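1. This is a predicted model, with the sequence first.
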Amino acid sequence: MKKLIIVFVLIFWGFIGVSENIAHQKVSGYFYNALIPYGNWLEIDNGVVVWQPTFMRMDWSPYRDGRWIWTSDGWYWHSYEPFGSITYHYGRWYFDDYYGWLWFPEYEWAPAWVEWRYDNDYIGWAPLHPYAVFSISVGIYFTQTYYTPYYHWNFVTYRHFYDPYVYNYCVAPRYKYRVYSNTRYRNNYVYRNGRIRNYGVDVKIVRTRGGQNIRQRDVLRVSDQRLLNNGRLNNTGQIRTFYKSRDELVRNEVKNMKIKRGNRKSSLDVSLIKTREIKDRNIISPTDKNRTKKIKTREVEKFSDNKVRKTNTDKERKIKTSVDQKKSDKNMITQQNKNVKKKKETNEFKKNPALNRNKENRVQSNNRQKKEAKVNRSNDRKVKTETNNQKRVKINKSSGNRNKTSVKTKRNNNNNNRMKVKTKSTYR
């Protein structure tokens, strides 16, 4: 019995050691050493290790204490926080109901891992959640549908978007929902020349609506964190950012780390984070290929539909133009014939002035006939009205006489009845 207990204990500790090794393999030494002074490393599930910042105020959120800069790689988040060189250019952020904001480490660099919303007045951004995966062929896609809540978004007007103290102009929490509901979603990540670029909202829109001269800056990649700008820009306008390739980060993975065990599991579905693949620069998965094929077929169908519509519209336009030309030609011919007749008549009247006299006489006679016809019509109407009035008077008189006769007859009848009653009384 004791032997069985010892065996079970050894197996249990073996499983724990395996889980710790799996967790340790997912964190690079660069990330661990750079972030340990500013937070804690937690294991929220077997094989999933995250970083939790400490000494943060209650309303703190990622991508807030810093500024946006337009660079050759797109919109770059220049953080004023000491841990921002890693957490805002690698990995994803997620807000857990129990732990708060957690950073999930990943090995792909980008100028900023955020999603965008905008309208005619406001522009907003929020950190991408761990379900968001970057692929070379597709860009950003999601392993599960998840919508970032409106209160995790930061909204500012266009004129304050490029301000170095943009966090002072963010919309208050009570107005975020109204702004969020009026904006539309934007997500534009591209892979070019070995770099991931975050174009987000178009710079031309930000320049025109913000009324600012936004110039492009260069990004200088540095492998040593001591050579960074520490929140300040160079006089030349260059931005120094920490960069290590995926291979270098994986090689420097730490196995013996000080990791705290989480009291609860995260509300995030960790299985989707475990199973998903971080896309390498030279690898395209079959799912991505199928998605690209679908996208291409949709584009081809749209292009063919547009072609058919264009051909149909062109045919209809040609038919309409031909019909309109025929109508215009007929009108031109009729007008030409009328003009020719008028010219002939004028020429004849010039040669024979008697024709003019006859024409004038005809016109005068026609006018006289029209006047006489009007007079006759008015006289006929007067006669009809008089006759109608006479008939009405006669009818009224006849009706009055009838009424009188009816009254007389009623009186006579009454008198006769009285006489009959008297006679009967006398006989009695």
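-> Perfect, I can see it now.

2. Going along the chain, name the helices of the stretch 51-200 of the chain.
-> Taking DSSP state H, counting those that start in this stretch as the criterion, the stretch 51-200 of the chain contains helices spanning 84-87, 158-161, 176-182.

3. Mean confidence (pLDDT) on the first one, please.
-> Read it as helix 84-87. The pLDDT scores in helix 84-87 average 93.

4. Over to the last one?
-> Across helix 176-182, pLDDT averages out at 95.

5. Residue ranges in this structure under the pLDDT threshold?
-> Within the chain, the stretches with pLDDT under 70 are 1-26, 229-236, 274-326, 328-329, 348-359, 396-428.

6. Double-check that residue 265 belongs to a strand.
-> No: assigned with DSSP: H, G, I helix; E, B strand; the rest coil, residue 265 falls outside any strand and is coil.

7. quick one: contacts for it?
-> Counting by Cβ atoms under 8 Å, 6 or more residues apart in numbering, residue 265 touches 44, 45. C-betas here are computed from N, CA, C, even on glycine.

8. Could you rerun that using 10 Å?
-> Listed by Cβ atoms under 10 Å, 6 or more residues apart in numbering, the contact partners of residue 265 are 44, 45, 46, 48, 96, 98.

9. Just the buried ones from those?
-> With burial judged by 16 or more other Cβ atoms under 10 Å, the buried subset of these is 44, 45, 48, 96.

10. Which of the contacts of residue 265 sits closest to residue 379?
-> residue 96 (103.3 Å; Cβ to Cβ).

11. In this structure the closest one contacts residue 263, no?
-> No: contact status for residue 96 versus residue 263: not in contact, 11.7 Å apart, counting by Cβ atoms under 10 Å.

12. Overlap in contacts, those two.
-> residue 44.

13. Compute the number of surrounding residues for the spatially closest residue to residue 252 that is not a sequence neighbour.
-> Computed as Cβ to Cβ, 6 or more residues apart in numbering, the closest residue to residue 252 that is not its neighbour in sequence is residue 29, at 4.1 Å. Look at residue 29: counted by other Cβ atoms under 10 Å, it has 14 neighbours.

14. Distance of residue 29 relative to residue 256?
-> 11 Å (Cβ to Cβ, to the nearest Å).

15. and the nearest residue to residue 67 once chain neighbours are set aside, how far is that from residue 96?
-> Closest residue to residue 67 apart from its sequence neighbours, by Cβ to Cβ, 6+ apart: residue 164 at 4.8 Å. Separation of residue 164 from residue 96 (Cβ to Cβ): 31 Å.

16. and what of residue 377?
-> Distance, residue 377 to residue 96, using Cβ to Cβ: 97 Å.

17. can you give me the strands for the stretch 201-350 of the chain?
-> Secondary structure of the stretch 201-350 of the chain by DSSP state E, counting those that start in this stretch: the strands cover 219-222, 239-242, 260-261.

18. Nearest to residue 112, out of those strands?
-> For the strands of the stretch 201-350 of the chain, the distance to residue 112 is smallest for strand 239-242, at 10.8 Å, taking Cβ to Cβ.

19. quick revisit: which one of the contacts of residue 265 is nearest to residue 363?
-> residue 96 (100.5 Å).

20. Work out for me the element residue 373 sits within.
-> Counting by DSSP states H and E, the element that carries residue 373 is helix 353-427.

21. mind listing what the residue nearest to residue 252 touches?
-> With contact taken as Cβ under 10 Å, 6+ apart, residue 29 is in contact with 249, 251, 252, 253, 254, 255, 257.

22. This completes my enquiry, with thanks.
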